[in-house]
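> sequence below, structure please.
(chains A and B)
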Amino acid sequence: GQNIDQPTEMTATEGAIVQINCTYQTSGFNGLFWYQQHAGEAPTFLSYNVLDGLEEKGRFSSFLSRSKGYSYLLLKELQMKDSASYLCAVTGSGAGSYQLTFGKGTKLSVIP
Amino acid sequence: KAGVTQTPRYLIKTRGQQVTLSCSPISGHRSVSWYQQTPGQGLQFLFEYFSETQRNKGNFPGRFSGRQFSNSRSEMNVSTLELGDSALYLCASSLSEGSNEKLFFGSGTQLSVL
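As a prediction, the model looks like this:
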């Protein structure tokens, strides 16, 4: 099975940097996704990591260590609109590759 | 290009009834997945379809079923509704059959069971 852990809530200041961690234990692993979900809206894709290392995309970066079962999402130059839930999700192997297993999400509040 | 469309947006049912939710994927997308989202459990996988075939199913009782049509549109059905079925049901589509394809989510159907 899959088990994914991420902090429930975080608070950060506008303009600052915040790192949201995600750890996972899986019976098979293919890749790791990060999604952003604003309250009352659909989740939207942020990043996908399959190899170890850092993927940078504008103000957002995502890191993966497969050996440690660990990922983080780094948000720079925080803006008020970044207040949202951030969902870590993994895909497994075999039939499990056709589903995403999500963590319960980290609710980020950005304050002035 | 239109996004993933789910209907209805809101639904209120009573215990014991059954419900059918509809999902139209992005044009050209052949894979459709369904997820249940609740405050306590987060997003949980229900099932995934590709070319009218169910490739994987999550750990939900048999009351939850789905299907996909030849035009890739999908429906999910929940029979004998229980209070605990109250949730946001999200449909997502992706372009092809690979596991590294990002999902595009619809806005969901908010189901309330009274």
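> before we move on, which element is the most centrally placed residue in chain B in?
In chain B, the C-alpha closest to the average C-alpha coordinate belongs to B:Trp34, at a distance of 3.1 Å (Cα atoms, centre = their mean). Element membership of B:Trp34 [criterion: DSSP states H and E] is strand B:31-38.
> for A:Phe33, same thing?
Under the criterion DSSP H and E, the helix or strand holding A:Phe33 is strand A:31-37.
> what sits against the nearest residue to A:Ala84 once chain neighbours are set aside?
Spatially, and ignoring its direct neighbours in sequence, A:Ala84 is nearest to A:His38 (4.6 Å; Cβ to Cβ, 6 or more residues apart in numbering or on different chains). Every C-beta, even on glycine, is put in place using the N, C-alpha and C of the backbone. Taking Cβ atoms under 8 Å, 6 or more residues apart in numbering or on different chains as the definition of contact, the neighbours of A:His38 are A:83-85.
> quick revisit: how about the residue nearest to the centre of chain B, what does it touch?
Listed by Cβ under 8 Å, 6+ apart, the contact set of B:Trp34 reads B:23, B:45-48, B:66, B:74, B:76, B:89-92.
> again, 7 Å this time
The neighbours of B:Trp34, taking Cβ atoms under 7 Å, 6 or more residues apart in numbering or on different chains as the test, are B:46-47, B:66, B:76, B:89, B:91.
> of the residues you listed, which belong to strands?
By the criterion of DSSP state E, membership of the contacts of B:Trp34 in strands covers B:46-47, B:66, B:76, B:89, B:91.
> now those residues: which count as buried?
Those of the ones in strands among the contacts of B:Trp34 that meet the buried threshold are B:46-47, B:66, B:76, B:89, B:91, by 16 or more other Cβ atoms under 10 Å in any protein chain shown.
> give me the neighbour count for residue 104.
Using chain A here. As a burial measure, the neighbour count of A:Lys104 was computed by other Cβ atoms under 10 Å in any protein chain shown and equals 19.
> meant chain B, my bad for not saying
That count, for B:Phe104 with other Cβ under 10 Å as the rule, works out to 19.
> pretty sure it sits against B:Thr5.
No: assessed by Cβ atoms under 7 Å, B:Phe104 is found out of contact with B:Thr5, at 11.0 Å.
> now the residue nearest to A:Ala84: how far from B:Gly108?
13 Å (Cβ to Cβ, to the nearest Å).
> then A:Thr23?
Distance of A:Thr23 to B:Gly108, given as Cβ to Cβ: 27 Å.
> compare those two (neighbour count), which wins?
Set side by side, A:Thr23 and B:Gly108 show more neighbours around B:Gly108, with 24 against 16, by other Cβ under 10 Å.
> and the strands in chain B?
Counting by DSSP E, one finds strands in chain B at the ranges B:5-7, B:10-13, B:19-24, B:31-38, B:42-50, B:53-57, B:64-68, B:74-78, B:87-94, B:104-105, B:109-113.
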